[in-house]
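In: could you look at this predicted model? Sequence included:
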Amino acid sequence: MKSEYLQDGYFLLKNTIGEDEVKRLIQTLDIFEAEMNNYGIRNLMNKVPYIRQFSLSPPLLSIAKEILGESAKPVRSVFFDKLPKANWNVAWHQDTSIAVKEKRDIPGFGPWSVKQGIVHVEPPEMYLANTLTLRVHLDVANTESGVLRVIPSSHCYGRVNSKALLDIVENSEAVACHANPGDILLMNPLLFHSSRKATQPSHRRVVHIEYSNMHLPESLKWYEGA
């Protein structure tokens with residue numbers, strides 16, 4: 001798993017979360033259905049204590065530690081769902097920002113932004129390279145439901161501007177990350193990824209949890225850090 005992940009920037013672990021756990025997660029997150037929008041529900045671990053507990057439980061934490069080492073810890077979480085009223089195209093991009101408690105003037109960190117009231121900043125590239133995203137699927141992810149697409153090994157380019165990214169995508173072959181409930185997709189945030197609108201929107205629920213083995217400068221704090 002680790003060698004393929006490091007080479008490709010992603011890896012799909014099948015049948016990792018049991019059916020009962022998937023059902024419990026769905027029931028727990030049903031409270032957000034009326035709030036769902038094209039940006040998902042951020043700050044999930046702080047809003048739902050069970051999600052923090054889930055992020056620290058096996059197999060998730062053991063996967064994170066295998067990839068990042070024993071210091072791996074959850075630092076950000078988002079809940080996504082593609083419903084008829086929250087069905088959108090996501091252009092090719094990299095995940096280049098982290099969520100922190102407040103803005104600080106620190107060399108190498110910037111630009112800054114605010115998303116749903118939460119301060120975000122683009123950190124030095126090494127922070128992104130040492131972040132692992134686990135996407136826990138609660139529904140089938142396929143073409144009809146707006147499956148995630150990736151460009152294998154594109155994380156190796158490092159952080160690139162949007163024009164360079166699109167030039168690379170045009171000369172690459174995208175892979176659709178089809179998944180079933182209980183599957184976990186491991187992904188490097190620098191991997192180029194996108195998704196189309198669902199053609200048959202119903203549910204495509206994904207719990208997105210990011211882990212890091214990095215310590216922020218003393219005056220910065222992870223927004224969802226324990």
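Out: Now that the structure is in, tell me what you want to look at.

In: now do the strands in this protein.
Out: 10-13, 41-42, 73-80, 90-93, 98-100, 112-115, 118-121, 131-137, 148-150, 175-176, 184-187, 193-195, 206-212 (DSSP state E).

In: check which residues of stretch 114-132 are buried.
Out: Judged by neighbour count using 16 or more other C-beta atoms under 10 Å, the buried positions of stretch 114-132 are Ile118, Val119, His120, Val121, Glu122, Pro123, Tyr127, Leu128, Asn130, Thr131, Leu132. No exception for glycine: its C-beta is placed from N, CA and C like everyone else's.

In: could you measure from the closest residue in space to Pro111 that isn't next to it in sequence over to Gly69?
Out: Among residues not flanking Pro111 along the chain, Glu122 sits closest, at 6.1 Å (C-beta to C-beta, 6 or more residues apart in numbering). Separation of Glu122 from Gly69 (C-beta to C-beta, to the nearest Å): 24 Å.

In: which residue packs closest to Tyr5, ignoring adjacent ones?
Out: Phe11 is the one closest to Tyr5 (C-beta to C-beta, 6+ apart), at 4.2 Å.

In: does anything pack onto the lowest-mean-pLDDT helix or strand in the chain? Which helices or strands?
Out: Of all helical and strand segments in the chain, the minimum by mean pLDDT, DSSP states H and E falls on strand 41-42, at a mean of 92. Counting contacts by 3 or more C-beta pairs under 8 Å, 6 or more residues apart in numbering; DSSP states H and E, strand 41-42 packs against strand 73-80.

In: what lines up beside the strand it packs on in the sheet?
Out: Sheet pairing for strand 73-80, assigned by DSSP bridges, gives strand 41-42 (antiparallel), strand 206-212 (antiparallel).

In: adding distance to Glu21, write the strands of the chain out as TSV.
Out: Shown next, in TSV, are the strands of the chain (distance: least, C-beta to C-beta, whole Å):
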stretch	distance to Glu21
strand 10-13	14
strand 41-42	19
strand 73-80	15
strand 90-93	27
strand 98-100	25
strand 112-115	29
strand 118-121	27
strand 131-137	9
strand 148-150	21
strand 175-176	25
strand 184-187	12
strand 193-195	24
strand 206-212	11
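
In: Val169 is nearest to which of these?
Out: Taking C-beta to C-beta, strand 90-93 is the member of these nearest to Val169, at 5.1 Å.

In: buried sites along that closest one?
Out: Buried residues in strand 90-93, counted by 16+ other C-beta under 10 Å: Trp92.

In: what does stretch 211-226 give?
Out: Tyr211, Ser212, Asn213, Met214, Leu216, Leu220, Trp222, Tyr223, Glu224, Gly225.

In: please apply the same query to stretch 32-41.
Out: For stretch 32-41, using 16+ other C-beta under 10 Å, the buried residues are Phe32, Met36, Gly40, Ile41.

In: most widely separated two among those?
Out: Phe32 and Gly40 (9.1 Å).

In: what sits in contact with each of the two?
Out: Residues within reach of Phe32 and of Gly40 at once, by C-beta atoms under 8 Å, 6 or more residues apart in numbering, are Phe79, Asp81.

In: of the buried residues of stretch 32-41, the lowest pLDDT goes to which?
Out: The lowest pLDDT within the buried residues of stretch 32-41 belongs to Met36, with 77.

In: for it, give me its contacts.
Out: For Met36, the contacting residues are Asp81, Leu83, Lys85, Ala86, by C-beta under 8 Å, 6+ apart.
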